[in-house]
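A.B. asks: got a predicted structure plus its sequence, pasted below:
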Amino acid sequence: MARNPETDPKALLGELLRLARQQSSHKTQDALGRAIGLERTSVVRFEAGDRVPNVDVLGALLDACDVAGLARTAIEKMWQLGRLTEEDAPVKVWFSGYLTAEAAAHSVRIWQPLIVPGLVQTPAYARAVFTAMGMSEDQVAEQLAIRLGRQSIITRPKPPNITIVMWEPVLYHQVGTADIMRDELTHLLELPNSVVVQVVPGNMPGNAGLGGAVTLVEGPGGSVLLAEALIEDQVTTDVDLLIKAGATFDAVRGDALPRAQTRNMIVEALEQWKTR
């Protein structure tokens, strides 16, 4: 079934690449392929919208077709949108909206019962998480760059108020090596005052957030919920879900230790990791 350029960004990108070729000196797909060292079948797939070229191939295609100025910028922007829809894209199109909201946020509330939240992970901890998820080295590198880029909101001139609530077992659940855990817990102790970390004791019989992690972002564009799941996370602005997530966060925070006691708990966990 042919892709529709009116609804499919990859199809529209392919259409633009086809038009660029037809208006260049390389009138056929064979000729363009030879000019940039690709098989004709690759050019066919790009123009059909079946595959998005990597950034280097895109540049070669546009150079060979003498595409410059506003036309080149438009195609490059469409390429970015098309790339988001690829199966191996580092950021899925549905998640890109969340990243935009997070980058502009004035308030972030996070509940995490399994691992240290991404916004406060060290590079080594994040790398260990991505590796455990079965990602390739290239995928790990891409995801790590995105994660570290997200963390820049903590050090920007006017950082958001970030409140993180974790379940105590997170402090003892080994991710990577003992050295990685020691560095991660030290990092938690050194976070700026704009980041509040609280821990729900593990000896409680249960808490309202054991169903999964949630992140609530509030900014100029309103509120956005990121609900994490085993297979694929969900991003939504649905009011009912925002209310339920907010109630869940308030409930688990109500069970959490105050900031000073949480710090003592992290120090205690750090001392235990120093003996491993």
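C.D. replies: Now that the structure is in, tell me what you want to look at.

A.B. asks: ok, then the element right after the lowest-mean-pLDDT helix or strand in the chain?
C.D. replies: The helix or strand of the chain with the poorest confidence is helix 93-103; it has a mean of 74 (mean pLDDT, DSSP states H and E). For helix 93-103, the succeeding helix or strand toward the C-terminus, using DSSP states H and E, is strand 107-112.

A.B. asks: can you pull out the helices in the stretch 1-150 of the chain?
C.D. replies: 9-22, 29-36, 40-48, 55-64, 69-84, 93-103, 123-132, 137-150 (DSSP state H, counting those that start in this stretch).

A.B. asks: repeat for the stretch 151-276 of the chain
C.D. replies: According to DSSP H, counting those that start in this stretch, the helices that the stretch 151-276 of the chain contains are 178-189, 239-255, 259-273.

A.B. asks: follow-up on the earlier one: so of the helices of the stretch 1-150 of the chain, which one's packed in deepest?
C.D. replies: Mean neighbour count (mean count of other Cβ atoms under 10 Å) peaks for helix 9-22 among those, with a mean of 21. For the C-beta atoms, the positions are set from N, CA and C on the backbone; glycine is no exception.

A.B. asks: with respect to residue 243, which of the helices of the stretch 1-150 of the chain lies nearest?
C.D. replies: The closest of the helices of the stretch 1-150 of the chain to residue 243 is helix 93-103. By Cβ to Cβ, the value is 17.5 Å.

A.B. asks: can you tell me which residues contact residue 98?
C.D. replies: Going by Cβ atoms under 8 Å, 6 or more residues apart in numbering, residue 98 touches 217, 224, 226, 235.

A.B. asks: ok, of these, which one's closest to residue 117?
C.D. replies: Among the contacts of residue 98, and counting by Cβ to Cβ, the member closest to residue 117 is residue 226, at 10.5 Å.

A.B. asks: is that closest one in a bridge, and if so with what?
C.D. replies: Here residue 226 sits in beta bridges with residue 215, residue 235, going by DSSP bridges.

A.B. asks: contacts only, for it.
C.D. replies: For residue 226, the contacting residues are 98, 214, 215, 216, 217, 233, 234, 235, by Cβ under 8 Å, 6+ apart.

A.B. asks: ok, 6 Å please
C.D. replies: For residue 226, the contacting residues are 98, 215, 235, by Cβ atoms under 6 Å, 6 or more residues apart in numbering.

A.B. asks: so where's the stretch 101-250 of the chain uncertain?
C.D. replies: 230-231 (pLDDT under 70).

A.B. asks: verify the stated contact: residue 78 with residue 15.
C.D. replies: No - using Cβ atoms under 6 Å, residue 78 is not in contact with residue 15; the gap is 9.4 Å.

A.B. asks: pretty sure residue 30 contacts residue 40?
C.D. replies: Yes - if you go by Cβ under 6 Å, residue 30 and residue 40 touch, sitting 4.9 Å apart.

A.B. asks: for residue 233, see how far away residue 153 is.
C.D. replies: Separation of residue 153 from residue 233 (Cβ to Cβ, to the nearest Å): 19 Å.

A.B. asks: for residue 55, same thing?
C.D. replies: To residue 233, residue 55 is 26 Å away according to Cβ to Cβ.

A.B. asks: returning to that earlier point: distance to residue 265 for the helices of the stretch 1-150 of the chain - can I get that in TSV?
C.D. replies: Below are the helices of the stretch 1-150 of the chain laid out as TSV (distance: least, Cβ to Cβ, whole Å):
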stretch	distance to residue 265
helix 9-22	47
helix 29-36	58
helix 40-48	54
helix 55-64	45
helix 69-84	40
helix 93-103	27
helix 123-132	18
helix 137-150	25
